[in-house]
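Here is my input, please return the structure:
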Amino acid sequence: MTATAVTVRVPAKVNLQLSVGPLRDDGYHDLVNVFHAVSLADEVTAVPDGSLSVAVEAAPGSAVAVDGVPVDGDNLAVRAALLVAERLGVEPSARLRIRKAIPVAGGMAGGSADAAAALVACARLWDDPESPLLDREDLLELGAALGSDVPFALLGGTAVGLGRGERLTPALTRGTFHWVFATAGGGLSTPAVYAECDRLRDANGEHADLPDVSAELMTALATGDAKGLGAALANDLQPAALELRPALRGTLAAGRELGALGSLVSGSGPTCAFLAGSAGHAVDLAAALADLDEVREALPAHGPVPGATII
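Numbers count the residues shown, from 1 in each chain. Coordinates of the predicted model:
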């Protein structure tokens, strides 16, 4: 039976460890990237149509600003749909509607999440349900072609990413961790943050070695130790993000003063992530952080959660 509409929910991510190695000849860095999927989620709906189009709106109840999200071929969800259509040999005919609750340009891989959702939705919409041509591994391959964070948005949970972050191994994680994500007005360009990271290292005479996975972090995840996880959180891009957006220093300091077990800039920023001790603590922490001048919105969430899922 041909699908008439497919909706996929897809989570945001926070990088529990983002260790940045030396710049490679291809312009990328070797990374150790411990991804953790959290309950802030976008929804992408694909509906059959005469051509391929995309519309973007804030999810009901969300204050996410979507003005800067492209609604043309620069949108990663559109590029994902085109890849699926090319692989299946069909016309890319669908209307994509993206409802966003993941902060835009906030270091939480919202664009990559939407691409992952579009891969799943369009594969379900256009593939043969009786004898599908695209399986999970095919979608992961297409996702890696779109960007380093897309495969994890398909996988979800907690995973270690190597290479550019696209080579994933699931990580044993016990229990649920509670988070608060404090967003800031405006975004930070990921390439600009990486370039600033390289500049700071050169200026300080630092040599970047190939990174390793943190044993302390993996132990904390495997045992469900929130305090241990908070102490092990690490992001090599944080100094660069703070250099480009100094106000984030105040946000991080405020979260620690309010009892966060750990804090860091999420990915390339400017969203700041805080690990709370419980669900109740996360709600209280979010309410307090929301009062800061430099915080646009403070959002409680939990993880890990599944990756892109048809609903």
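
so is Val69 in a helix, a strand, or just coil?
At Val69 the chain is in coil, as set by DSSP: H, G, I helix; E, B strand; the rest coil.

Count the neighbours of it for me.
Val69 has 22 neighbours, counted by other Cβ atoms under 10 Å. Placement of C-beta: from N, CA and C, glycine included.

now swap in Pro300 and tell me
Neighbourhood size, Pro300 [other Cβ under 10 Å]: 22.

just Gly307 next, same as before
Gly307 - counted by other Cβ under 10 Å - has 24 other residues nearby.

Please report phi then psi for it.
phi -80, psi -160 (degrees, to the nearest 10).

Tell me which stretches of the stretch 151-300 of the chain form helices.
Along the stretch 151-300 of the chain, the stretches classed as helices by DSSP state H, counting those that start in this stretch are 190-204, 215-223, 226-232, 238-244, 248-257, 279-289.

In this protein, which helix is the longest?
helix 110-126 (DSSP state H).

on that earlier part again, turn the helices of the stretch 151-300 of the chain into CSV, columns for mean neighbour count.
Output for the helices of the stretch 151-300 of the chain, formatted as CSV (neighbours: other Cβ atoms under 10 Å):
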stretch, mean neighbour count
helix 190-204, 15
helix 215-223, 17
helix 226-232, 18
helix 238-244, 20
helix 248-257, 17
helix 279-289, 18
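
Go through the ones you listed and name the closest to Glu86.
helix 190-204 (26.0 Å; Cβ to Cβ).

what about the closest one, distance to the chain center?
Computed by Cα atoms, centre = their mean, to the nearest Å, the chain-centroid distance of helix 190-204 equals 21 Å.

For that helix, give me every contacting residue.
20, 23, 29, 107, 206-208, 236-237, 239-241, 243-244, 267-269 (Cβ atoms under 8 Å, 6 or more residues apart in numbering).

Secondary structure of Gly61: a helix, I assume?
No. With three-state DSSP as the criterion, Gly61 is located in coil rather than a helix.

Tell me how many other residues crowd it.
Gly61, neighbours per other Cβ under 10 Å, totals 6.

what packs against the longest helix of the chain?
When contacts are defined as 3 or more Cβ pairs under 8 Å, 6 or more residues apart in numbering; DSSP states H and E, helix 110-126 packs onto strand 6-23, strand 29-48, helix 76-88, strand 94-100, helix 136-146, helix 150-155, strand 309-310.

Reformat these as CSV; add mean neighbour count, mean pLDDT and distance to Ser62.
Rendered in CSV, the data for the helices and strands packed on helix 110-126 read as follows (neighbours: other Cβ atoms under 10 Å; pLDDT from 0 to 100; distance: least, Cβ to Cβ, whole Å):
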stretch, mean neighbour count, mean pLDDT, distance to Ser62
strand 6-23, 24, 96, 12
strand 29-48, 23, 96, 9
helix 76-88, 22, 98, 17
strand 94-100, 22, 98, 7
helix 136-146, 17, 96, 24
helix 150-155, 27, 97, 18
strand 309-310, 14, 98, 19
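
So for Gly68, which of the ones you listed sits nearest?
Taking Cβ to Cβ, strand 94-100 is the member of those nearest to Gly68, at 11.1 Å.

Quick check: phi and psi on Ala208?
phi -90, psi 120.
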